[in-house]
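>>> Give me the fold of what follows.
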Amino acid sequence: MVESFFRIAFISLGLVAATVVMPVHAAPYIANTGIGNEYHLTFGELPLVANDIVDYQFSELGVTFGNYLRYNQQGQANFPGVEGDYISAINVTQFSILFLDMVSEASFGYASNPMTVRIEALRDLVVIESFEQYVTYDNPLTAYIGFTDSHFNEIRVTIIDNEFETGGLIDNLRWSLYENQTGTPVSAPASWLLLTAGAFLISGRRKKQSSNLD
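Have a look, this model is predicted:
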């Protein structure tokens, strides 16, 4: 009976943590300004050379990139959301922005030839939210895309229609870290920790009962 009580108690705690501490869904973000004021990456922070593949160079700042994105510099004709240094997804139909810690919100400037893209927020490789957006290079109202109000560590962009064979330009990446109730950045779901602690306590209770029977 005591064991059942502990099992129910810790399952309940896990459900509460999953509901309160770790939001299930993310809210899509589409605007003329970026969101996520804790960190701001302009891609001019490091002395890169044009056409360098960008993957782990910015890991010390808390972010990496997937699928052969390349560094370059914008000329005089800046686009909404993209200016100066940027990375490009030319001839790439899918790319990822990967955060080393969980974030609560993130956005980036995005400019491309007119096309539709699918933007997904992932938590530990699992998609928690997605939306499709028509993007271009001259509409400030869709210059920044991303997610807010959640707990995720990857944004994945997939080109749905790729008539121009280009994945676009990425700049002005902004994000804020997700923090638990103590204000500490987290990288693992709190519910997992609670359930693990519960499993150890239940296991210890079983050993104690077995010892008493002996």
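>>> Could you pull out the strands in the chain for me?
Counting by DSSP state E, the chain has strands at residues 27-31, 39-41, 53-54, 63-66, 69-73, 85-90, 94-111, 115-123, 126-135, 144-148, 152-159, 166-177.
>>> for those strands, which one sits closest to F79?
Proximity to F79, assessed across the strands of the chain by Cβ to Cβ, is greatest for strand 94-111 (3.8 Å). Where you see a C-beta, it was placed from the backbone N, CA and C, and this is true even at glycine.
>>> partners of that closest one, with directions?
Strand 94-111 has the following strand partners under DSSP bridges: strand 63-66 (antiparallel), strand 144-148 (antiparallel), strand 152-159 (antiparallel), strand 166-177 (antiparallel).
>>> With respect to those, which exhibits the lowest mean confidence?
Ranked by mean pLDDT, the strands paired with strand 94-111 bottom out at strand 166-177, with a mean of 91.
>>> tell me the angle that one makes with strand 85-90.
Comparing the axes of strand 166-177 and strand 85-90 via axes from the mean of the first three to the mean of the last three Cα atoms, to 10 degrees yields an angle of 130 degrees.
>>> Of all the residues in strand 166-177, which ones are buried?
Neighbour counts using 16 or more other Cβ atoms under 10 Å place T166, G167, G168, L169, I170, D171, N172, L173, R174, W175, L177 of strand 166-177 among the buried residues.
>>> just stretch 100-107 next, same as before
Quick answer for stretch 100-107 (16+ other Cβ under 10 Å): L100, M102, V103, S104, E105, A106, S107.
>>> cool, stretch 130-137 as well?
Within stretch 130-137, the residues scored as buried using 16+ other Cβ under 10 Å are F131, Q133, V135, T136, Y137.
>>> so which of those comes closest to P47?
Among the buried residues of stretch 130-137, Y137 lies closest to P47 (Cβ to Cβ), at 26.8 Å.
>>> That closest one reaches M115, doesn't it?
No. Applying Cβ atoms under 8 Å, one finds Y137 not in contact with M115, separated by 10.5 Å.
>>> circling back to that earlier point, among the buried residues of stretch 100-107, which pair sits farthest apart?
L100 and S107 (17.7 Å).
>>> In this structure Y144 contacts Y110, no?
Yes. At 7.2 Å, Y144 counts as touching Y110 under the criterion of Cβ under 8 Å.
>>> intersection of neighbour lists for these two?
Jointly contacting Y144 and Y110 under the rule Cβ atoms under 8 Å, 6 or more residues apart in numbering are G81.
>>> Show me which of these two is the more surrounded one.
Taking neighbours as other Cβ atoms under 10 Å, Y144 and Y110 compare with Y110 leading, 30 against 24.
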